[in-house]
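In: coords please:
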Amino acid sequence: MTLTQRFLILGLALCLGAGQLWAETKRTSPPESLNGLRPGTLTLDDLTEKMGKPDMVQTGGMLELYGGPADSEAYGWFMIDNPNYTVPDLAVETAQGSDRVDLVMAIGFEGLKTEKGITCFMTEQEMLNAYGKPDFVFAVPMQGFTLREFYYVNQGVSFDIAPIGPGSTERQVIAIYVTYPEYMKEAITLRNEYISEGIGRDITTSYMPGTNT
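Out: Residues are numbered from 1 along each chain as shown. Predicted structure coming up:
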């Protein structure tokens, strides 16, 4: 993944605008995780004990885009030493004032696996082979490519998929998000609001069996 793509992933909130969907919502710990890191059962203290002090701490991030509250805290760890990267490989978010991890993210780092063995940089087809037909697919133009977001609600996992290179028709996983199924449902509701405003498209039906994607 290029540095530009990394910025685009975390800059998606600015591109789409802030949503106002969040209200106090029931949270069910998802069956999915990244290397066993699972929202709802994981605390920031647990993660700090395992990973050490985070390399990045900031107010706000992606949680609002994935069904959670706007007031959040983001924490990130660089798993590979590379001074050119400013977006962490592993990131988590909590609601402000909470120690409970509500969102776990792998961003352009292949060292974090889902429960079905999918990592960043695996192909779209490998992801589909593992997870099957998605519940929802949102396509939004970025700078020079189209980002596809795949949602598997009950598993509590979402994948960002992008072309492998300029002009390529082959696509790969560039980021993975794990959160509560209830938050995933709200994230889809938010995407549908964007679509109604002319931002992005629902391309879920293109992943029906026998359809050319």
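
In: CA atoms for contacts and neighbours, from now on please.
Out: Fine.

In: I'd guess residue 183 is in a helix, am I close?
Out: Yes. Assignment of residue 183 by DSSP: H, G, I helix; E, B strand; the rest coil places it within a helix.

In: What segments of this protein are helices?
Out: 3-10, 12-16, 44-51, 124-131, 181-196 (DSSP state H).

In: okay, these in CSV with distance to residue 147, mean neighbour count and mean pLDDT next?
Out: Formatted as CSV, the helices of the chain follow (distance: least, C-alpha to C-alpha, whole Å; neighbours: other C-alpha atoms under 10 Å; pLDDT from 0 to 100):
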stretch, distance to residue 147, mean neighbour count, mean pLDDT
helix 3-10, 9, 15, 42
helix 12-16, 10, 14, 45
helix 44-51, 30, 13, 94
helix 124-131, 12, 15, 97
helix 181-196, 13, 20, 95
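
In: Just name the shakiest helix or strand of this structure by mean pLDDT.
Out: Here the helix or strand of the chain ranked lowest by mean pLDDT, DSSP states H and E is helix 3-10, holding a mean of 42.

In: Name the residue closest to the centre of the chain, please.
Out: residue 177 (3.0 Å; C-alpha atoms, centre = their mean).

In: which residues touch that residue?
Out: 103, 104, 105, 106, 157, 158, 159 (C-alpha atoms under 8 Å, 6 or more residues apart in numbering).

In: Same check on residue 202?
Out: Contacts were defined as C-alpha under 8 Å, 6+ apart; by that measure residue 202 touches 136, 137, 138, 139, 192, 195.
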